[in-house]
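Visitor: Just the structure for this:
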Amino acid sequence: MPTIAAIKAAARKLPVKHRTDLLEDLARDEAVHREQISRLRAAVEEGERDFAEGRYIEINSKAELREFFDDIKRRGRARLKRSA
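Guide: Numbering: from 1, shown residues only. I've put the predicted structure just below:
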């Protein structure tokens with residue numbers, strides 16, 4: 001049986017129409033749906049724990065929002081620079 005990497009590589013070579021059909025088929029798959037719901041629930045639980053433990057920030061103005069995004073960009077660029 002091919003590896004997941006091989007399947008992904010083969011799927012990327014398909015025409016867009018066929019990739020779209022594949023995605024639609026997978027979206028209808030009950031097991032895939034259950035896995036997606038499970039992952040979503042785990043992410044929500046993680047967020048709820050973070051909130052309960054005070055791991056969040058409050059943004060109360062456009063200036064604070066801009067500062068928040070600028071910080072994300074700055075850290076992301078630094079991370080890219082380190083990995084290059």
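
Visitor: Can you pull the domain assignment for this structure?
Guide: Following the assignment in automatic domain parsing, the chain carries domains at 1-53, 58-84.

Visitor: Using a markdown table, lay out the ones you listed together with mean neighbour count.
Guide: Bear in mind the C-beta positions are built from the backbone N, C-alpha and C, glycine included. Shown next, in a markdown table, are the domains of the chain (neighbours: other CB atoms under 10 Å):
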| stretch | mean neighbour count |
| --- | --- |
| domain 1-53 | 10 |
| domain 58-84 | 9 |
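
Visitor: a markdown table for the ones you listed, including mean pLDDT?
Guide: Shown next, in a markdown table, are these (pLDDT from 0 to 100):
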| stretch | mean pLDDT |
| --- | --- |
| domain 1-53 | 95 |
| domain 58-84 | 96 |
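
Visitor: Roughly how far does residue 34 sit from residue 62?
Guide: 41 Å (CB to CB, to the nearest Å).

Visitor: ok, now residue 16?
Guide: Plainly put, residue 16 is 39 Å away from residue 62 if you go by CB to CB.

Visitor: One more: residue 8?
Guide: According to CB to CB, residue 8 stands 40 Å off from residue 62.

Visitor: I'd like the distance between residue 25 and residue 4.
Guide: Distance from residue 25 to residue 4, by CB to CB: 17 Å.

Visitor: same check, this time on residue 46
Guide: To residue 4, residue 46 is 24 Å away according to CB to CB.
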